[in-house]
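**Student:** predicted model and sequence below, questions to follow.
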Amino acid sequence: MNATDLRPWRDPSQKPLLQIKSVTKKFSDFVAVDDVSLDIYAGELFCLLGGSGCGKSTLLRMLAGFEEATEGQILLDGEDLSGVAPHERPTNMMFQSYALFPHMSVLKNVMYGLVHGGMTKAEAETTAMEMLKLVKLEKFIKRKPHQLSGGQRQRVALARALVKKPRLLLLDEPLGALDKKLREETQFELIRIQETLGVTFVVVTHDQEEAMTLASRIGVMNDGYIEQIGEPREIYEFPKSKFVANFIGDVNLFEGEMIVDEPDRAAVLNDSVGEIAITHGVSGTLGQELTIAVRPEKLEISKKKSAKMLNSAKGVVEDIAYLGSQSVYHVRLDSGKLVKAFRANRVREAEDDLTWEDRVVVGWDGSSGVVLSQ
Amino acid sequence: MLRAIGFLGFIFLYIPLILLMAYSFNAGDRASLWVGFSTKWYFVLFENKELLKAAGISMRVAFFSATIATFLGVIAAFVLTRNKRFRGKVLIDGMVTSPLVMPEIITGFSMLILFISMQKFIGWPANRGMTTIILAHSTFCMAYVTVIIRSRLVDMDSSLEEAAQDLGAHPIFVFFQVTLPVISPAIVAGWLLAFTLSLDDAVIVQFTSGAGSTTLPAKIYSQVRQGVTPEYNALATLIIVIVGIAIITAMQIMNRTQRMHHV
């Protein structure tokens, strides 16, 4: 028996749960969301990732019904949502500020949506209690929001948004207000809850690490556009643009003109490295300006050039940041360009051979660089 | 040095009130010549039926005016903050708050003219009395209430209302179950301010009161001309104490809810 593929976006026969079709949102002259098309499938945990003002929150608010699209369509299960008021939509939202009702107890907060969904008080209380157990807050039901810690408030907000079992749960920076340690724990908690309930999540975040941890797929947004949609690995290893390569993780960019264009190899002429060899074919034309993006962990650094370094450049170690699990080396190449290289600290008491002001060689093989044309 | 200046300032502000309260315990019958300690003026006060009647009218006028002003002020503030844009918003915005800066004598005079023409054309209000005072006071108090409640609504996290709506509550329920409870301290504060403003007014009432509807400030004002006995000091002392307790209570309510909302 075959395991079912948990990636419905790879199966063209699957119907998406949510279809966003060429949606544009203008606030008078300002275009907040610009011709965005996106399909989200049932059971996904989709992250909209981007910096502030990139339109991700506006897009989320359009899904919730707080903003009307200027152009385009939003379909949920094939039904057009335009003109449907927020209180009539089968979606729920978890707000960045949590928006807990300050005058109601935890239990009353969670029951609120159920009572308005037509449940009796007794039913609503039972259902709310189940949800509060799932988020481990059953001991705090009588407290008011201001008597809870930040993490507890976050869980009340999550429980309140989930308790109606929405077709689609919209989360606006759900972990933004938590400190780092708690945020990391809560990420996995969020995934556990999402898998237990099988609710489709759309998460808005500016934190790329959070998106990588949570998401089944990520949509990277910039300036109202969607730059790229893909699985976290795809976005990281195969960015489609300089913006995506830069936004997700660290990257060294080498720009230059294409000088070799053959079916199984190519080369780009760069000021710092010289001829950069690429051991696969590239879609482009001779003379085209291309950018080679190399992740710092794929950049090797040593005192002598090794056999694996098909492309290399000499330089001086300018700065070292020891981060525990790894060290970051800032190397000033002879051309003046600064590059970053990571090295895992595998041995505890290594007499580190690299130190400040050392002359080193940095290099990479022919397939570690990503060729970007935009 | 700074503390000394602050102290002097406080004395400057409060010495008249303290003197006024002290003379209410004067045994003599003048409000400015100390004879000895006595509480007799408090008993005389409770015998003065006319003065008590005026106080009763003032209380009733203040209560109804504050209530009407608060009711209208909440609606005006809500419409002005929550409706993004409508025709004439700027104009209405300015007109709602203009009584704040309008001299009372003009407000009072214009009210008088209005009531006279209303009487002429629609026959209501038939004559000037409590009803006309309440109408006039509601109008000018509403401006103050609107300003207080509007600033609270602007401060309020609008995602609270969105969250309620998102959870399936019709906008009417959102207003009564979320907005109103959250702004309730401002409503209480607005009501109290309106109550004090109405209680305090001695100008507008000159134009809008009729026979048998003299309010306390008007009564005191007319009595001053015939010389004041410490009876009035006793009355003023009682008012200061009552108002003081009301203000302290209101401030405590405000502080408690403030802590709750700014977590």
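**Tutor:** Received the coordinates, thanks. Numbers count the residues shown, from 1 in each chain, chains lettered A, B, ... in the order given.
**Student:** can you say which helix or strand has the spatially most central residue of chain A in it?
**Tutor:** Geometric centre of chain A, nearest residue: residue A:211, 3.0 Å, by Cα atoms, centre = their mean. For residue A:211, the element it lies in under DSSP states H and E is helix A:208-214.
**Student:** now the element after that helix, going C-ward?
**Tutor:** strand A:217-222.
**Student:** one step back: okay, buried residues for the helix holding residue A:211 please.
**Tutor:** Neighbour counts over helix A:208-214 (16 or more other Cβ atoms under 10 Å in any protein chain shown) mark A:208, A:210-214 as buried. The way it works is simple: take the backbone N, C-alpha and C, and place the C-beta from them, glycine included.
**Student:** what residues does the stretch 1-150 of chain A have near chain B?
**Tutor:** By Cβ under 8 Å from any Cβ of the partner chain, the residues of the stretch 1-150 of chain A that approach chain B are A:64-66, A:85-89, A:91-93, A:95-97, A:99, A:101-103, A:112-113, A:116-117, A:144-146.
**Student:** show me those that map onto helices.
**Tutor:** Counting by DSSP state H, the part of the residues of the stretch 1-150 of chain A next to chain B found in helices is A:64, A:112-113, A:116.
**Student:** for chain A, what is the nearest residue in the stretch 51-200 of chain B?
**Tutor:** residue B:167 (3.3 Å; Cβ to the nearest Cβ).
**Student:** now that residue, nearest residue through space, not along the chain?
**Tutor:** residue A:113 (3.3 Å; Cβ to Cβ, 6 or more residues apart in numbering or on different chains).
**Student:** what do you get for residue A:258?
**Tutor:** For residue A:258, the spatially nearest residue (Cβ to Cβ, 6+ apart) is residue A:288, at 4.9 Å.
**Student:** include pLDDT when you put the buried residues of helix A:208-214 into JSON lines, please.
**Tutor:** Converted to JSON lines, the buried residues of helix A:208-214 look like this (pLDDT from 0 to 100):
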{"residue": "A:208", "pLDDT": "90"}
{"residue": "A:210", "pLDDT": "90"}
{"residue": "A:211", "pLDDT": "93"}
{"residue": "A:212", "pLDDT": "92"}
{"residue": "A:213", "pLDDT": "90"}
{"residue": "A:214", "pLDDT": "92"}
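**Student:** where are the low-confidence patches of the stretch 151-263 of chain B?
**Tutor:** Applying pLDDT under 70 to the stretch 151-263 of chain B flags the ranges B:258-263.
**Student:** rerun that using 50 as the cut-off
**Tutor:** By pLDDT under 50, the weakly predicted segments of the stretch 151-263 of chain B are B:263.
**Student:** what of the stretch 51-200 of chain A?
**Tutor:** In the stretch 51-200 of chain A (pLDDT under 50), no residue qualifies.
**Student:** can you pull out the helices in it?
**Tutor:** A:56-64, A:106-116, A:121-134, A:150-162, A:180-197 (DSSP state H, counting those that start in this stretch).
**Student:** export the ones you listed to JSON lines and tack on mean neighbour count?
**Tutor:** Formatted as JSON lines, those follow (neighbours: other Cβ atoms under 10 Å in any protein chain shown):
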{"stretch": "helix A:56-64", "mean neighbour count": "24"}
{"stretch": "helix A:106-116", "mean neighbour count": "24"}
{"stretch": "helix A:121-134", "mean neighbour count": "17"}
{"stretch": "helix A:150-162", "mean neighbour count": "23"}
{"stretch": "helix A:180-197", "mean neighbour count": "15"}
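**Student:** what is the neighbour count of residue B:62?
**Tutor:** Residues contacting residue B:62 under the criterion other Cβ atoms under 10 Å in any protein chain shown number 24.
**Student:** can I assume it is in contact with residue B:192?
**Tutor:** No - using Cβ atoms under 8 Å, residue B:62 is not in contact with residue B:192, being 10.3 Å away.
**Student:** picking up where we left off before, tell me which of the helices of the stretch 51-200 of chain A lies nearest to residue B:237.
**Tutor:** Residue B:237 lies closest to helix A:106-116 among the helices of the stretch 51-200 of chain A, at 45.2 Å (Cβ to Cβ).
**Student:** how far away from the center of its chain is the closest one?
**Tutor:** 31 Å (Cα atoms, centre = their mean, to the nearest Å).
**Student:** hmm, who's touching that helix?
**Tutor:** A:87, A:92, A:100-101, A:104, A:121, A:123-125, A:127-129, A:131-132, A:137, A:140-145, A:148, A:156, A:159-160, A:163-164, B:164, B:167-170, B:173, B:177 (Cβ atoms under 8 Å, 6 or more residues apart in numbering or on different chains).
**Student:** which one of the buried residues of helix A:208-214 is nearest residue B:110?
**Tutor:** When the buried residues of helix A:208-214 are compared for distance to residue B:110 (Cβ to Cβ), residue A:210 comes out closest, at 61.8 Å.
**Student:** hang on, the closest one packs against residue A:178?
**Tutor:** No - judged on Cβ under 8 Å, residue A:210 makes no contact with residue A:178 at a distance of 10.4 Å.
**Student:** report pLDDT for the closest residue to residue A:366 other than its chain neighbours.
**Tutor:** In this structure, residue A:366 finds its nearest non-sequential neighbour in residue A:279, 3.2 Å apart by Cβ to Cβ, 6+ apart. We note a pLDDT of 89 for residue A:279 in this prediction.
**Student:** contacts only, for residue A:279.
**Tutor:** By Cβ under 8 Å, 6+ apart, the neighbours of residue A:279 are A:264-265, A:310, A:365-367.
**Student:** ok, back up a step: quick one: the residue of the stretch 51-200 of chain B closest to chain A from residue A:82, how far?
**Tutor:** From residue B:167 across to residue A:82, the span is 21 Å (Cβ to Cβ, to the nearest Å).
**Student:** so which bits of stretch B:202-215 are buried?
**Tutor:** B:203-210, B:213-215.
**Student:** ok, and the closest non-adjacent residue to residue A:199?
**Tutor:** residue A:169 (5.1 Å).
**Student:** what about that neighbour, how many residues nearby?
**Tutor:** 24.
**Student:** wait, residue A:19 sits on residue A:75?
**Tutor:** Yes - using Cβ under 8 Å, residue A:19 is in contact with residue A:75, at 4.3 Å.
**Student:** list the buried residues in stretch B:32-52.
**Tutor:** Neighbour count says stretch B:32-52 has B:41-42, B:45, B:51 buried, by 16+ other Cβ under 10 Å.
**Student:** hey, C-alpha coordinates of that stretch in CSV?
**Tutor:** Extracted in CSV, the C-alpha atoms of stretch B:32-52 (Å, rounded to 0.1, in the frame of the first residue of the first chain):
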residue,chain,number,x,y,z
SER,B,32,-17.1,86.3,57.1
LEU,B,33,-16.8,87.0,60.8
TRP,B,34,-15.8,84.1,63.0
VAL,B,35,-17.6,83.9,66.3
GLY,B,36,-17.3,80.3,67.5
PHE,B,37,-17.8,76.7,66.5
SER,B,38,-21.3,75.4,65.9
THR,B,39,-23.1,73.0,63.6
LYS,B,40,-26.3,74.9,63.8
TRP,B,41,-26.3,76.1,60.2
TYR,B,42,-26.6,72.5,59.0
PHE,B,43,-29.8,72.3,60.9
VAL,B,44,-31.0,75.6,59.6
LEU,B,45,-30.2,74.4,56.1
PHE,B,46,-32.5,71.4,56.4
GLU,B,47,-35.3,73.7,57.5
ASN,B,48,-35.0,75.9,54.4
LYS,B,49,-37.6,74.3,52.2
GLU,B,50,-37.0,76.7,49.3
LEU,B,51,-33.3,76.0,49.1
LEU,B,52,-33.8,72.2,49.4
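**Student:** understood, closing this out.
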